[in-house]
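Peer 1: Turn this into a structure:
(one chain, ligands or ions: 1)
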Amino acid sequence: MIKVKICGLRTMEDIKAVNKYRPDYVGFVLADSKRKVCRSHLKILLEQLDKGIIPVGVFVNHSIHYVEQTIGAGIKVVQLHGDENDKYIEKLEELKKEYDFEIWKAVRLGEQPVDMVSEYLDSFGNVDGFLLDKLSNKAYGGLGEKFSWERYRDIGKKYPIVLAGGLNEFNVMEGLETIKPFCVDVSSGVETKGSKDPEKIRRFIELVRTGR
Ligand SMILES: O=C(O)c1ccccc1N[C@@H]1O[C@H](COP(=O)(O)O)[C@@H](O)[C@H]1O
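Peer 2: Numbers count the residues shown, from 1 in each chain. Take a look at the predicted model:
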């Protein structure tokens, strides 16, 4: 079954909604953003999160030390959404001797040639997933903008892909069909006036799981 990640949780109300509708993953943004949570607040939210839901930390060019401490706080997937390179990821992988976690590298797509993107993905060796998002000069992510799925449709066949960027209940089925990811990731598309909307979360998860 396709996995679902709901990203950008900030409040106890958000936690209650995901505990009720049960996505596979939830994301907490540790980077500068209107959705940023600090680590002490993250720990409080994680205490209330259903243990069957996997918590993902979204990092942008953080130090390895900071990421390690956040894994220590209970994060199970490290989503690298900045300019982290293969050397950075090699160092992070060292921590797998001590902690049980996955690494997802975000790749932000604009107009880059498909071959170049493939080469770039190959340079990362052992990451557990590639998260495809829209490239923008406004922010590293969370903008609710989609990239050209058609242009990159062959990438999904070769790599474990998390599809992100501008997903919502009206376009996610087309995204699944075109990119064939193992997981879809949504933040802006399940918000109303800047806050997570439990009803949109429910509809998004139900649609991905049942096709209706
Ligand atoms: O959500 C943010 O504010 C954010 C900030 C910095 C890096 C990544 C961020 N979010 C990630 O962006 C994608 C797409 O989100 P959207 O659905 O288009 O709003 C998603 O992976 C979020 O985890």
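Peer 1: tell me the contacts of the closest residue to Arg151 other than its chain neighbours?
Peer 2: Using Cβ to Cβ, 6 or more residues apart in numbering and skipping residues adjacent in sequence, the residue nearest Arg151 is Val114, 6.8 Å away. Yep, even glycine has a C-beta here, placed from its N, CA and C like the rest. With contacts defined as Cβ atoms under 8 Å, 6 or more residues apart in numbering, the neighbours of Val114 are 151-152, 154-155.
Peer 1: Thr178 falls within a helix, correct?
Peer 2: Yes - per DSSP: H, G, I helix; E, B strand; the rest coil, Thr178 lies within a helix segment.
Peer 1: wait, doesn't it sit right on Arg151?
Peer 2: No - using Cβ atoms under 8 Å, Thr178 is not in contact with Arg151, being 9.9 Å away.
Peer 1: what separates stretch 128-142 from the chain centre, distance-wise?
Peer 2: With Cα atoms, centre = their mean, to the nearest Å as the basis, stretch 128-142 stands 9 Å off its chain's centre.
Peer 1: Pull up the distance across that stretch, start to finish.
Peer 2: Distance across stretch 128-142, first residue to last, is 21 Å (Cα to Cα, to the nearest Å).
Peer 1: now the helices: where do they sit in this structure?
Peer 2: Here the chain has its helices, by DSSP state H, at 12-21, 39-48, 64-72, 86-94, 114-122, 155-158, 172-179, 198-210.
Peer 1: Check which helices and strands the last one is in contact with.
Peer 2: The helices and strands touching helix 198-210, judged by 3 or more Cβ pairs under 8 Å, 6 or more residues apart in numbering; DSSP states H and E, are strand 3-7, helix 12-21, helix 172-179.
Peer 1: Can I get the contacts of Val114 in JSON lines including distance to the ligand and neighbour count?
Peer 2: Output for the contacts of Val114, formatted as JSON lines (distance: Cβ to the nearest ligand atom, whole Å; neighbours: other Cβ atoms under 10 Å):
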{"residue": "Arg151", "distance to the ligand": "18", "neighbour count": "16"}
{"residue": "Tyr152", "distance to the ligand": "15", "neighbour count": "20"}
{"residue": "Asp154", "distance to the ligand": "21", "neighbour count": "12"}
{"residue": "Ile155", "distance to the ligand": "16", "neighbour count": "21"}
